[in-house]
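> Take this sequence and fold it.
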Amino acid sequence: MSTIETRLAELGVTLPDAPAPAANYVPFVQVGDLVHISGQISQNAGGLIKGRLGADMDVAAGAEAAKCCAISLLAQLKKACDGDLSRVVRAVKLVGFVNSTPEFIDQPKVINGASDFMVAALGDAGRHARSAVSAASLPLGVAVEIEAIFQIRSA
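Predicted structure coming up:
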């Protein structure tokens with residue numbers, strides 16, 4: 001078991017199967033030692049996490065939705081690493097989109113749910129560059145979507 005898998009177990013997190021793409025794109029692309037992971041929408045075992053920050057969802061619920069996106073990102077990363085998370089070098093960048101009203105200004109606090117989870121799961125290798133932006137709407141009415149770039153070692 002890799003250090004990352006040990007940390008995930010300590011956090012009580014089991015990675016789901018990597019979600020399949022919903023349209024004409026691939027879930028990830030590897031270029032050299034970088035893995036670019038397509039946007040992962042907020043969902044959990046109960047289904048899609050829908051809502052609009054500043055309207056019907058608060059920051060804490062939005063941060064939990066962002067954490068769920070991060071879990072899906074790691075599931076895709078595991079698939080990209082052929083199941084071997086010990087190949088992960090670091091999280092490079094997260095780009096988070098928050099379904100929010102024009103007046104809502106706490107997008108960074110929402111995406112902290114994903115950022116904090118990455119550090120908890122990956123340790124210092126989870127520290128990353130980041131963007132947190134508002135979106136007028138997101139696919140299927142979800143609250144959050146996050147894409148990521150990770151650096152990995154060769155197999």
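> so what's the residue of the chain positioned farthest from its centre closest to, chain neighbours aside?
Distance from the centre of the chain peaks at Glu103, with 24.5 Å (CA atoms, centre = their mean). Distances taken as CB to CB, 6 or more residues apart in numbering place Gly54 nearest to Glu103, at 5.7 Å, with adjacent residues excluded. From N, CA and C alone the C-beta is placed, and that goes for glycine too.
> just Ala91 next, same as before
Nearest non-adjacent residue to Ala91, counting by CB to CB, 6+ apart: His128, 4.0 Å away.
> Could you do Asp33 as well?
Gln151 (5.4 Å).
> Equivalent analysis for Gly141, please.
Take Gly141 and drop its neighbours on the chain: the residue closest to it by CB to CB, 6+ apart is Lys50, 4.4 Å away.
> how near is that neighbour to Leu74?
If you measure Lys50 against Leu74 using CB to CB, to the nearest Å, the figure is 22 Å.
> Which one's more surrounded, these two?
Neighbour comparison, Lys50 and Leu74: the larger count goes to Leu74, with 27 against 17 (by other CB atoms under 10 Å).
> Run through who's touching stretch 3-10.
Outside stretch 3-10, the residues that touch it by CB atoms under 8 Å, 6 or more residues apart in numbering are 1, 14-15, 74, 85-86, 88, 120-123.
> quick one, phi psi at the residue nearest to the spatial centre of the chain?
Geometric centre of the chain, nearest residue: Ala70, 2.4 Å, by CA atoms, centre = their mean. Main-chain dihedrals, Ala70, degrees, to the nearest 10: phi -60, psi -40.
> Equivalent analysis for the one 3 residues further on, please.
Comment: the main-chain dihedrals of Leu73 come out as phi -60, psi -40, following degrees, to the nearest 10.
> pretty sure it is touching Gly39, no?
No - the criterion here is CB atoms under 8 Å, and Leu73 misses it with Gly39 at 9.3 Å.
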